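1. When you get a sec, could you give me coordinates for this:
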Amino acid sequence: MSEIVVVAMLKVKEGKVDEAISGFRPVIEQTHGEEGCISYALHRDNADPDNLVLVERWRSQTDLDAHFTQPHLAALGSLASEVLSEPPRTIFCSALPVGDPAKGVL
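-> Numbers count the residues shown, from 1 in each chain. Next up, the predicted model:
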C-alpha cells in the first residue's frame, strides 16, 4: 500500500492565528504518536500570516483512516468553528517520485 500525503489549507479569522496555533499544538503532538504517522507539520504562509497549511504524510490509507477516528481529532471541529473563517481545503495525494529519489518526495 502506498503512502498518502494530505495538504490542508486553513484560512484563520483575523486576530485568531495565535489561538489556532495553540489549539493545533495538542492535536499535532498526539498525532505524532499515532501508528503510521510519518509526519504531521503545521506551516504558516509567508505572504498571508492568517493562512496555515497542515502537511501530513501517512504510511497508508488504513493508517489515515484510523487517524480520523482518534478522539483528539474530534477537538478540531470545535476549534475550527471558533478560529477558521471558512472550511479547510483538504487535498489527498499520492507521491509521483520524479528526479532524485531523496528529493522527489516529501
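2. Any chance you could list what contacts the helix or strand bottoming out on mean pLDDT in the chain?
-> Taking mean pLDDT, DSSP states H and E as the measure, the chain has helix 71-83 as its least confident helix or strand, at a mean of 88. With C-beta atoms under 8 Å, 6 or more residues apart in numbering as the test, helix 71-83 has contacts from 12-13, 16-17, 19-20, 23-24, 26-27, 30-31, 67, 87-88. All C-beta atoms are positioned from the backbone trio N, CA, C, and that covers glycine.
3. in the chain, which spans are helices?
-> 17-32, 61-67, 71-83 (DSSP state H).
4. who wins for proximity to Val53 among these?
-> helix 17-32 (11.5 Å; C-beta to C-beta).
5. which of the residues in that closest one are buried?
-> By neighbour count on 16 or more other C-beta atoms under 10 Å, the buried set for helix 17-32 is 17, 20, 23-24, 27-28, 30-31.
6. Farthest-apart pair in those residues, please.
-> The most distant members of the buried residues of helix 17-32, if one measures by C-beta to C-beta, are Val17 and Gln30, lying 21.2 Å apart.
7. For the protein, give me the ranges with low pLDDT.
-> Filtered on pLDDT under 70, the chain yields the residue ranges 1.
8. what angle do the least confident helix or strand of the chain and helix 17-32 make?
-> Per axes from the mean of the first three to the mean of the last three C-alpha atoms, to 10 degrees, the angle that helix 71-83 makes with helix 17-32 is 170 degrees.
9. Can you tell me, leaving aside adjacent residues, what's nearest to the residue sitting nearest the centre point of the chain?
-> Central residue check for the chain by C-alpha atoms, centre = their mean: the C-alpha nearest the mean position is that of Leu54, 3.2 Å away. Leaving aside its sequence neighbours, Leu54 sits nearest to Ala8 (C-beta to C-beta, 6 or more residues apart in numbering; 4.2 Å).
10. Show me what that neighbour bridges to in the sheet.
-> When bridges are called by DSSP bridges, Ala8 pairs up with Leu54, Thr90.
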